[in-house]
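**Student:** Structure for the following, please:
(4 chains)
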Number of protein chains: 2
Amino acid sequence: MENPLAAKLSMFADISLDDKAALNWLCDDVRVFQPKCDVIKEGDRPENVFLLVDGWAMRYKVLPNGRRQIMAYLIPGDLCDIHVFILKEMDHCIGLLSEARIAVIPKEKMLSVLDERPRLARALWWSSLVDDSVLREWLVNMGQRNAYDRIAHLLAEMWLRLSVVGRVDGNSMQLPLTQVDLADTMGLTAVHVNRVLQQLRQDGVIELASGTLRIPNIEKLMRVSAFEPNYLHLQPRVN
Amino acid sequence: MENPLAAKLSMFADISLDDKAALNWLCDDVRVFQPKCDVIKEGDRPENVFLLVDGWAMRYKVLPNGRRQIMAYLIPGDLCDIHVFILKEMDHCIGLLSEARIAVIPKEKMLSVLDERPRLARALWWSSLVDDSVLREWLVNMGQRNAYDRIAHLLAEMWLRLSVVGRVDGNSMQLPLTQVDLADTMGLTAVHVNRVLQQLRQDGVIELASGTLRIPNIEKLMRVSAFEPNYLHLQPRVN
DNA sequence: CGATAGTTTGATATCCTTCAAAACCTGTGG
DNA sequence: CCACAGGTTTTGAAGGATATCAAACTATCG
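**Tutor:** Numbers count the residues shown, from 1 in each chain, chains lettered A, B, ... in the order given. Take a look at the predicted model:
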């Protein structure tokens, strides 16, 4: 399968064969991690950059009172901050939602590629600006949408992001999230997430069971969530 | 008054006199803008970077249904994305909350400084990573805290950020926000913000009137909001 | 096949919203 | 210097979305 980062970056720029080779070189140390383990912990001072090659991860934070907020999902092709090592220490954790294959990239290696391949550097810049944009949209989601629209919006976003990296198969995709995960993402309780999901199923918007999400009608999902894809900055609009 | 960006960056690294001169050179085109006007609009393709020298601005988005979400406050020393021009178009607006003095920096100028002053480039990198971190914390705030804690937390954050750039005078600061602004920031209604502010006043946590916020006891504010300043990455802890 | 994680259900509580109106500012023009 | 206009803050009453608690049900996996 193609390098998912190359797939994503080619939404922004033409990635040459040389660039692809450089990306593959970055990914020459791929390790397998078990689900539920933390790749980076709050307080760490990371010396490497991680590139998720396969599987799902999340950024999250646990408050003193025990509540957890998930702040981002990382999917194949996502880098965990190209420049983390600038900060003195991590202010949040990155944990795995599924088994994952992760490329471990020493910072020197990352920096050398950024240095020698300006076109790639620019594309990676674009990618991290898009990550910021996604984060802002999550804030909008939490602040301005009710539970139903909020969950629908998240599912639509993940569907689009996954399709860019070839992880959508027809009208279904893997969704390795429990209802508790969804709750901690959306600022809701698991109980309420459960009821909303039932509603979404009843309305024929989604089919969700045993880790597989089927979207019978993407337009409908987009419509009910008032989804505006511009914030994903996929200029050749997906779909 | 000192360049507020230099003040902020020196929280991260020693900024040399040369670096300061470079920063001042970046800021040689300062323009005055009136409150409530938009500096950048959704859909724009900005060719300049803006540095807020004085006043308050906000990032915000207006949904199709008319609801507004404020996603960040910009205060003196804040850049509106050092690399916006990489994106094809803006996905949100930047509007002014007060009269403001803004340095307009052509992208070439910005890029040349990043190129020639690696230490400064690194410090600006740090700054934009901190901005991301703040955004993530806002998500935590929305998702996991109730209205009272949420507002207290925001006020604590702004107090710290403003003190870094010398905008806190003793135990008071300017807060050019209406209760509607606060509501659109926190995902609450203005009515509820009003009642929570009354509660905060009653509890002796804040004094807020006519655009001035007084915090009689910072420790108390930090305590009630369970404020953990690590996400601001001010290594020599302020206070 | 029992243990454990995840999902579903019901009943009740609460936080926050909605709507509507009054009171209060602040600036402006007469 | 007053009056008026528009934005902002405050108040009250009532409704709704989501939380909380507790228990049952259902998968999944060694």
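
**Student:** switch to C-alpha atoms for all contacts and neighbour counts from now on
**Tutor:** Noted.

**Student:** and the top helix by length along chain A with chain B, contact?
**Tutor:** In chain A, taking DSSP state H as the definition, the longest helix is helix A:118-144. Yes: applying CA under 8 Å from any CA of the partner chain, one finds that helix A:118-144 is in contact with chain B at A:122, A:125-126, A:129, A:132-133, A:135-136, A:138-140, A:142-144.

**Student:** out of those residues, which is most surrounded?
**Tutor:** Neighbour tally across the residues of helix A:118-144 next to chain B (other CA atoms under 10 Å in any protein chain shown): the maximum, 29 neighbours, falls on A:L139.

**Student:** That residue and DNA strand C, how far apart?
**Tutor:** Separation of A:L139 from DNA strand C (CA to the nearest atom of the strand, to the nearest Å) stands at 14 Å.

**Student:** if I pick the residue nearest in space to the middle of chain A, what's in contact with it?
**Tutor:** Against the mean C-alpha coordinate of chain A, by CA atoms, centre = their mean, the closest residue is A:L74 at 3.0 Å. Applying CA atoms under 8 Å, 6 or more residues apart in numbering or on different chains to A:L74 gives the contacts A:L52, A:W56, A:A57, A:M58, A:R59, A:C80.

**Student:** Can you flag which of those residues belong to strands?
**Tutor:** A:L52, A:A57, A:M58, A:R59 (DSSP state E).

**Student:** Am I right that A:I40 is in contact with A:D91?
**Tutor:** No: counting by CA atoms under 8 Å, A:I40 stays clear of A:D91, with 10.0 Å between them.

**Student:** related to what we said a few turns ago, now do the same for the longest helix of chain A: mean pLDDT, whole number.
**Tutor:** For helix A:118-144, mean pLDDT rounds to 97.

**Student:** anything in it sitting right up against DNA strand D?
**Tutor:** No: residues of helix A:118-144 are not located near DNA strand D by CA under 7 Å from any atom of the strand, the shortest gap being 9.2 Å.

**Student:** circling back to that earlier point, closest to chain B out of the ones in strands among the contacts of A:L74?
**Tutor:** Distance to chain B, by CA to the nearest CA, is smallest for A:R59 among these, at 9.5 Å.

**Student:** element containing the closest residue to that closest one other than its chain neighbours?
**Tutor:** Leaving aside its sequence neighbours, A:R59 sits nearest to A:I94 (CA to CA, 6 or more residues apart in numbering or on different chains; 4.5 Å). Assigned by DSSP states H and E, A:I94 falls within strand A:93-96.

**Student:** Any residues of chain A in contact with DNA strand C? List them.
**Tutor:** A:L177, A:T178, A:Q179, A:V180, A:A190, A:V191, A:N194, A:R195, A:L197, A:Q198.

**Student:** confidence score at A:Q235?
**Tutor:** Note for A:Q235: predicted pLDDT of 75.

**Student:** where does A:L208 land in three-state SS?
**Tutor:** Secondary structure, DSSP: H, G, I helix; E, B strand; the rest coil: A:L208 is strand.

**Student:** Then A:H192?
**Tutor:** When classified by three-state DSSP, A:H192 comes out as helix.

**Student:** where does it sit relative to A:Q198, distance-wise?
**Tutor:** Plainly put, A:H192 is 10 Å away from A:Q198 if you go by CA to CA, to the nearest Å.

**Student:** Now A:N48: phi and psi?
**Tutor:** When quoted as degrees, to the nearest 10, the phi and psi of A:N48 stand at phi -130, psi 160.

**Student:** residues contacting the residue nearest to it when sequence neighbours are not counted?
**Tutor:** Leaving aside its sequence neighbours, A:N48 sits nearest to A:P106 (CA to CA, 6+ apart; 4.4 Å). Residues counted as contacts of A:P106 (CA under 8 Å, 6+ apart) are A:E47, A:N48, A:V49.

**Student:** Which of those residues are buried? Put it as a PyMOL command.
**Tutor:** With 16 or more other CA atoms under 10 Å in any protein chain shown as the criterion, this PyMOL line picks the buried residues out of the contacts of A:P106:
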select buried, chain A and resi 48+49
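
**Student:** okay, the contacts of A:P106 in CSV with distance to DNA strand D next?
**Tutor:** Shown next, in CSV, are the contacts of A:P106 (distance: CA to the nearest atom of the strand, whole Å):
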residue, distance to DNA strand D
A:E47, 33
A:N48, 31
A:V49, 30
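
**Student:** Could you grab the helix/strand/coil label for the closest residue to A:F50 other than its chain neighbours?
**Tutor:** Nearest residue to A:F50 in three dimensions, chain neighbours excluded: A:V104, at 5.0 Å (CA to CA, 6+ apart). Here A:V104 is strand, with the state taken from three-state DSSP.

**Student:** A:V168 is in contact with A:L162, isn't it?
**Tutor:** Yes: in this structure, A:V168 is within contact of A:L162 by CA under 8 Å, at 5.9 Å.

**Student:** how far is stretch A:129-140 from where the chain is centred?
**Tutor:** The chain centre lies 11 Å from the centre of stretch A:129-140; the measure is CA atoms, centre = their mean, to the nearest Å.

**Student:** what does it contact?
**Tutor:** Under the criterion CA under 8 Å, 6+ apart, residues A:71-72, A:231-233, B:61, B:69, B:71, B:84, B:87, B:91, B:132, B:135-136, B:138-139, B:142 lie in contact with stretch A:129-140.
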